[in-house]
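1. Show me how the following folds:
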Amino acid sequence: MFDFDNFREIWSTIKKNKLRTFLTGFSVAWGIFMLIVLLGAGNGMKNGIMKNFDRWAGNRVETWPRYASKPYKGMQTNRRIQYKDDDLVALRQQNPEVNLVSGVLYQSDTLSYKEEYNTYSLQGVHPDKAIIDKIEMTVGNGRFVNEVDILQKRKVIVISPRMKEVLFRGEDPLGKYVNASDIAYQVIGVYTDEDNNNNAPAYIPFSTAQQLYRSGYGLDNIIFSLDGISSKEEYEAFEKRFRAQMGKRHRFDPEDLRAIGMWSTIEDFAMFNGMLNGITLFIWVIGIGTLAAGIVGVSNIMLITVRERTREFGIRKAIGATPFSILKLIIVESILITAVFGYFGMITGVGLTEGINAVMESNNMGQASSNDDMSIFLNPTVSLGIALSATALIIVAGVLAGYFPARKAVKITAIEAMRNE
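-> Numbers count the residues shown, from 1 in each chain. Below is the predicted model:
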C-alpha cells in the first residue's frame with residue numbers, strides 16, 4: 001500500500017530534478033490542454049451547425065417549382081413549372097409517410113397602424129406551418145392561423161415581436177387592425193422571436209393570400225414533414241418517387257433536377273453529422289498524438305531516473321525489497337507527474353473554453369442574427385463526459401509511462417546494480 005514515506009521519497013526525487021520534471025510535465029499539460037481546447041472548438045462548431053436545425057422539424061422538406069431544362073413528350077425546355085393546390089392534396093394521398101403539409105405564398109407589403117408604417121414580408125400559410133417550422137405562440141399572445149381562417153378566407157394576421165414594437169409602440173396589438181395595400185388585417189397573434197429580427201415575416205391564411213395576391217391560383221413553395229424517414233438513403237428514395245409524381249402531374253422529365261427544387265433537413269443533417277463526426281475523430285487523433293508526445297517524454301525521464309538510481313535499487317533488493325515495491329515506486333512517481341501536470345492542463349483548457357463561451361454569450365456572438373443567417377460557432381465548451389475521459393486518459397498514460405521503466409528496474413539484479421558506476 002502507498003504510504004507517506006513513499007510519497008516523501010518520490011517528492012525528494014522530483015525536487016532534485018525540478019527543471020527536468022517541469023519541462024517533462026509541461027509537455028503532458030500542453031497535450032491535455034490542446035486536447036480540451038480542440039474538443040471545445042469542435043463542440044462549438046457542432047453546436048453552431050446543429051443550432052440551425054433547431055429552427056425546423058428534424059424531418060422537414062421544402063420544394064419549389066422552377067423551369068424544365070429537358071424536352072419531355074413534346075414539351076419545350078425553359079418552361080415554367082407551377083405548383084397548384086391539387087399538389088398539396090396529391091402529396092398526402094400518394095405518400096403515406098407525409099405527415100404535416102403547408103403551402104407557402106410570399107409577398108412583400110407595407111404594414112401600417114395609425115401613423116406608424118414599415119415594409120415587411122408576408123407569408124400565406126396553412127396551420128401546419130407553425131409545427132413544421134417551430135413557430136411558438138406563448139400564453140397571452142394570441143394564436144396562429146387555423147383551419148377556420150383558411151376556410152373562411154379571413155383577413156387575419158400573426159405578427160412578429162419586432163412588428164409589435166415598431167407599429168404599436170407599447171400598445172397591445174391583439175384585436176387591432178393593420179393595413180396593407182388598403183386591406184385591413186386583424187391581429188390575432190404575436191409569435192415568439194428570441195432574436196427580435198427585423199426581417200421576421202408576418203403570417204396570414206394561405207387562402208387569403210392566394211385570393212388577394214395570386215388571383216386565387218397557384219403557390220410558391222410546399223413545405224412538409226416526413227414520418228419514418230431518418231436516413232439519407234431513405235430520403236433519396238422518397239425524393240426520387242416525389243419527382244416522378246410531380247413529373248407526371250406537371251409533365252416534365254423526372255430526371256430533370258432543375259424542374260423543381262428540393263431541400264431537406266434530413267439530408268443536410270446526415271451530411272453535417274457525418275462531417276462533424278469526422279472532425280471530432282480528427283481532433284481526438286491530434287489531441288491524443290500531442291499527449292502521446294508528452295507521455296513519451298515522461299517515459300524517457302523515468303528511464304533516466306532508473307539508470308541514475310540503479311545502485312539504489314540494487315541495495316534495496318539486497319536488503320529484502322520486493323520487485324513489486326520497486327515497480328510500484330516507479331509507476332506511482334510517473335502517475336504523480338502525469339496527473340498533476342495533466343490536471344493542470346485540463347483545468348486550464350476548460351477554463352479557457354468556459355471563458356470564451358462567457359464572452360460569446362455576453363456579446364451574443366455566434367448566434368444567427370436572423371432566420372436567414374446561420375450559426376457557425378456556439379458554446380465551445382466540453383462536457384463532463386469528455387473531462388472524465390481526459391481524466392481516465394491521464395491515469396492510463398501515467399501507468400504506461402512508468403510501467404516500462406519500472407520493468408527495467410525490476411529486472412536489475414543486486415549484483416549488477418552494485419557493479420554499476
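2. And the helix or strand that contains residue 289, what does it pack against?
-> Assessed by DSSP states H and E, residue 289 sits inside helix 265-308. If you count contacts as 3 or more Cβ pairs under 8 Å, 6 or more residues apart in numbering; DSSP states H and E, helix 265-308 packs onto helix 18-53, strand 60-65, helix 232-250, helix 323-362, helix 384-411. Every C-beta, even on glycine, is put in place using the N, C-alpha and C of the backbone.
3. Checking the spatially closest residue to residue 243 that is not a sequence neighbour next. Helix, strand or coil?
-> Leaving aside its sequence neighbours, residue 243 sits nearest to residue 254 (Cβ to Cβ, 6 or more residues apart in numbering; 4.8 Å). Per DSSP: H, G, I helix; E, B strand; the rest coil, the secondary structure class of residue 254 is coil.
4. what number of residues lie near residue 254?
-> Look at residue 254: counted by other Cβ atoms under 10 Å, it has 17 neighbours.
5. Just to check, it is in contact with residue 247?
-> Yes. Between residue 254 and residue 247 there is a contact at 3.9 Å, judged by Cβ atoms under 8 Å.
6. For this structure, give me the ranges with low pLDDT.
-> Along the chain, segments meeting pLDDT under 70 span 1-7, 9, 50, 52-58, 216, 364-377, 412-421.
7. circling back: what's the following helix or strand after the helix holding residue 289?
-> helix 310-318.
8. re the thing from before, give me the angle between the helix holding residue 289 and helix 232-250.
-> 160 degrees (axes from the mean of the first three to the mean of the last three Cα atoms, to 10 degrees).
9. and the angle for helix 265-308 with strand 60-65?
-> 130 degrees.
10. Give me the distance between helix 265-308 and the centre of its chain.
-> With Cα atoms, centre = their mean, to the nearest Å as the basis, helix 265-308 stands 21 Å off its chain's centre.
11. how far off helix 384-411 does that helix point, in degrees?
-> Counting by the same axes, to 10 degrees, helix 265-308 lies at 30 degrees to helix 384-411.
12. ok, back up a step: what's the closest of the helices and strands packed on helix 265-308 to residue 174?
-> strand 60-65 (29.1 Å; Cβ to Cβ).
13. Show me the longest strand that occurs in the chain.
-> The residue-count maximum for a strand in the chain (DSSP state E) belongs to strand 98-113.
14. List the buried residues of it.
-> By neighbour count on 16 or more other Cβ atoms under 10 Å, the buried set for strand 98-113 is 98-105, 107, 109, 111, 113.
15. the domain parsing of this protein - what is it?
-> For the chain, the TED database gives the domain ranges 4-56+270-419, 67-96+229-258, 98-226.
16. got the end-to-end distance for the last one?
-> Distance between the two ends of domain 98-226: 5 Å, counting by Cα to Cα, to the nearest Å.
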